[in-house]
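Novice: need a structure here:
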Amino acid sequence: TNNRNTSEEGMEASLPSKETTERSLDPDKPANRQTARPKGTGKTATMLAATATVSSSSSSAVAIGKDKKLEFPSKKTEIVFKKRETKESGCKGKDGSISFKFSKPQKGIKSPLDLARFKSSSAYEKLLNFINTISSKIRGIGLSNVSMEAAPISIKELCKALELMEGWLEKYPPIQQPMRFGNKAFRQWYARVEEEIDGLLAIIVGKEWEEKGASKELKAYLLSSFGNPTRIDYGTGHELNFLAFLVCLSELRLIDAGKDGSSVALLAFQRYIVLMRKIQTRYWLEPAGSKGVWGLDDYNFLPLLWGAAQHASERSQPETQLSMLQRAAPNSIHIGTSSSSSSSSSSQGDLKTESMYFQAVSFVCRVKTGALAEHSPILNDISAVPTWKKVNQGLVKMYIGEVLSKFPVMQHFFFGSILTLEKAPFKPRGLAKSRRLA
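Specialist: Residues are numbered from 1 along each chain as shown. I've put the predicted structure just below:
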């Protein structure tokens, strides 16, 4: 501080002389450290020499020598941050087509931390968006109102494959064993499916995607949707794999959830549920992750969720425009209680034929003994909800909490190039309804 000179004379004294500057700039003259070092304060001279290499558009300058000028920057350096590009599992080509780097899916949730990562991933968002999109497209539509002729080719071929698998059940009858649950004949049927699934998938996805290797990724989801042959069990986690298989078909643009929603739920998914109910009653698979009486269902969840969507309607919708499904109240599931039911006994039979929800409740009552309030109190309590729309919204929240947020279920889920653990792109406005529910 004492050596700092603020006057012009002090500043000029701290600058190098003309002779010293020319010697340091001339390559032919040897540089002498002692003579090249400017007189004055050592720290000041070093700082000035360092700033001699910095150039700026400022007009402020200090003269050093005759023709040399040392310019000082007058503005702060601006730092520019480049926007990071988000990598997506599918990339669009110049022609707008979607391409994927298909690979064999792997299990990616190995700890609760991975589960938290999954809930912010693109796979989580795709699954929920698909569920809500299908729910909005099947309102008021019965199972018999959907024609197979109007369905996309992939849905037709998938239904044919499921019917073929159902026919194989007759070739593998249950064996005699002391245990009631987990008949080992299921492994024989599963082995047959595993042997034939490559050829079936090639027909479902088509020649174009088959040549690109899509079948090897979709195979894991479809094969896992029929249960586990080692434990001989089945539950909502296996049902989730079939949902993931449908989402993959949608991402490959083989089906359109918005346009083909009724065909996806009321044809393909319904055919899958019919097959699995026959397997459950034939081989009596162990219910995976069942909560007993405090669970919604031992095996399935989506038939109730999408079944409630069939009955849902808007408040502003006139009653004259409501279908038979939308006129039925949630408490109509209580067969024989005409005082609390809005439908006659003849209409109850029609509801069982047209509604996935009523079929699911009927199946639960068939495989369990006692009153509905005793063996399925959750289903009994849901019947007290005033509207089907609230039932559907509540079941979506319950599906998030009981399936997508449970580590014992999600630790077996597969991730590939279509359903990835990569973080979903941020949406500042217009968030999807499924994200708000989550």
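Novice: Could I get the full set of helices for the stretch 251-400 of the chain?
Specialist: Counting by DSSP state H, counting those that start in this stretch, the segments of the stretch 251-400 of the chain that form helices are 261-263, 270-283, 302-311, 324-327, 345-354, 356-367, 372-375, 377-382, 388-399.
Novice: Lowest mean pLDDT across those helices, which one is that?
Specialist: Of all those, the minimum mean pLDDT falls on helix 345-354 (a mean of 74).
Novice: looking at the helices of the stretch 251-400 of the chain, which is buried most?
Specialist: Mean neighbours per residue, mean count of other C-beta atoms under 10 Å, is largest over these for helix 302-311, with a mean of 27. In this view, the C-beta of every residue, glycine as well, is placed from N, C-alpha and C.
Novice: and that one with helix 388-399, angle?
Specialist: Helix 302-311 runs at 160 degrees relative to helix 388-399, counting by axes from the mean of the first three to the mean of the last three C-alpha atoms, to 10 degrees.
Novice: Can you tell me which helices and strands helix 302-311 packs against?
Specialist: Contacts defined by 3 or more C-beta pairs under 8 Å, 6 or more residues apart in numbering; DSSP states H and E place helix 302-311 against helix 122-137, helix 324-327, helix 356-367, helix 388-399.
Novice: got the phi/psi numbers for Q106?
Specialist: Q106 adopts backbone torsions of phi -130, psi 160, taken as degrees, to the nearest 10.
Novice: quick one: contacts for it?
Specialist: 414-416 (C-beta atoms under 8 Å, 6 or more residues apart in numbering).
Novice: can you pick the most crowded of those residues?
Specialist: G416 (23 neighbours; other C-beta atoms under 10 Å).
Novice: Thought K107 was touching that one, still the case?
Specialist: No: using C-beta atoms under 8 Å, G416 is not in contact with K107, being 10.9 Å away.
Novice: L267 - how many residues pack around it?
Specialist: For L267, the neighbour count with other C-beta under 10 Å is 21.
Novice: Make residue 1 into 18 and carry on from there
Specialist: Noted, 18 is the first residue going forward, which turns the last one into L284.
Novice: so how far is S333 from it?
Specialist: 29 Å (C-beta to C-beta, to the nearest Å).
Novice: go on, I214?
Specialist: From I214 to S333 the distance is 46 Å (C-beta to C-beta).
Novice: Comparing these two, which shows the higher neighbour count?
Specialist: Comparing I214 with S333 by other C-beta under 10 Å, the one with more neighbours is I214, at 19 against 5.
Novice: just for the stretch 68-217 of the chain, where's the confidence low?
Specialist: 68-116 (pLDDT under 70).
Novice: Helices along that one, start to end?
Specialist: 129-135, 139-154, 170-184, 202-229.
Novice: ok, the closest residue to G159 other than its chain neighbours - contacts?
Specialist: Closest residue in space to G159, ignoring its immediate chain neighbours: E371 at 3.3 Å, by C-beta to C-beta, 6 or more residues apart in numbering. By C-beta under 8 Å, 6+ apart, the contact set of E371 is 159-162, 327, 341-342.
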